[in-house]
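Chemist: Okay, sequence plus prediction incoming.
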Amino acid sequence: MSSTLRTLSAGTAIVLFATCHFARAEKFSRAFVSPDQAYVAVLVSEIGNGFPSSSCVDTVFVVPNRPITSDNYPSASRAYVGGCHQLKMRLIDDKQAMPNGPQLRWTAPRELNIVFDPKRARIGVPAFYSVTSLYNGAIRIRNEPE
């Protein structure tokens, strides 16, 4: 193998590695305020632009309803983490969102239902994560697989 071909192959490998590991992820979020206005459930869809295929993870956070300076929610407020059901975005309530992500419904001032279909999540996404309560039991989380 000539040195030019080796250099070209090494350069291609470096570009592919950089594309794969340094691609910026896009985040899209939708907020659902509890009936008593005290908490907000936030569905965040994070889509990575990695090579050779994109990744997508849906995360549901439940946080007190007060201004947050950034979209980095505390990990202790995670109620659900799972693979996106598809990568196609569409407008929902005039915001970009995933059409088949988990459906969030407040059924009481402090009870959130998360309805999802585990069979529709993309292959290759990290394992599903879910909790049944947050804030020392102040918020009940009910997961309802479709």
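Modeler: Cool, the structure landed. Numbering: from 1, shown residues only.
Chemist: Let's verify Ala76: helix, strand, or coil?
Modeler: What DSSP: H, G, I helix; E, B strand; the rest coil gives for Ala76 is helix.
Chemist: Just the pLDDT at the closest residue in space to it that isn't next to it in sequence, thanks.
Modeler: Among residues not flanking Ala76 along the chain, Leu134 sits closest, at 7.8 Å (Cβ to Cβ, 6 or more residues apart in numbering). (C-beta placed from N, C-alpha, C; glycine too.) We have a pLDDT of 94 for Leu134.
Chemist: do the one 5 residues further on as well
Modeler: Looking at Ile139, its pLDDT reads 93.
Chemist: isn't it right up against Tyr39?
Modeler: Yes: contact criterion Cβ atoms under 8 Å: Ile139 and Tyr39 qualify, at 6.3 Å.
Chemist: Common neighbours of the two, please.
Modeler: Val62, Arg110 (Cβ atoms under 8 Å, 6 or more residues apart in numbering).
Chemist: quick revisit: spit out the contact partners of the residue nearest to Ala76.
Modeler: Contacts of Leu134 by Cβ under 8 Å, 6+ apart are Val62, Ala76, Ser77, Ala79, Ile141.
Chemist: Which two among those residues are spaced furthest apart?
Modeler: Ala76 and Ile141 (13.3 Å; Cβ to Cβ).
Chemist: which one of the contacts of Leu134 sits closest to Ile68?
Modeler: Sorting those by how near they are to Ile68, with Cβ to Cβ, puts Ser77 at the top with 10.3 Å.
Chemist: where are the low-confidence patches of this protein?
Modeler: 1-25, 49-54, 69-70, 85-93, 95-100, 118-127, 145-146 (pLDDT under 70).
Chemist: residue boundaries of the helices in it?
Modeler: 3-22 (DSSP state H).
Chemist: Please give me every residue in contact with the residue nearest to Glu144 when sequence neighbours are not counted.
Modeler: Of all residues not flanking Glu144 in the chain, Val115 sits nearest, at 4.7 Å (Cβ to Cβ, 6+ apart). For Val115, the contacting residues are Pro102, Gln103, Leu104, Arg105, Glu144, Glu146, by Cβ under 8 Å, 6+ apart.
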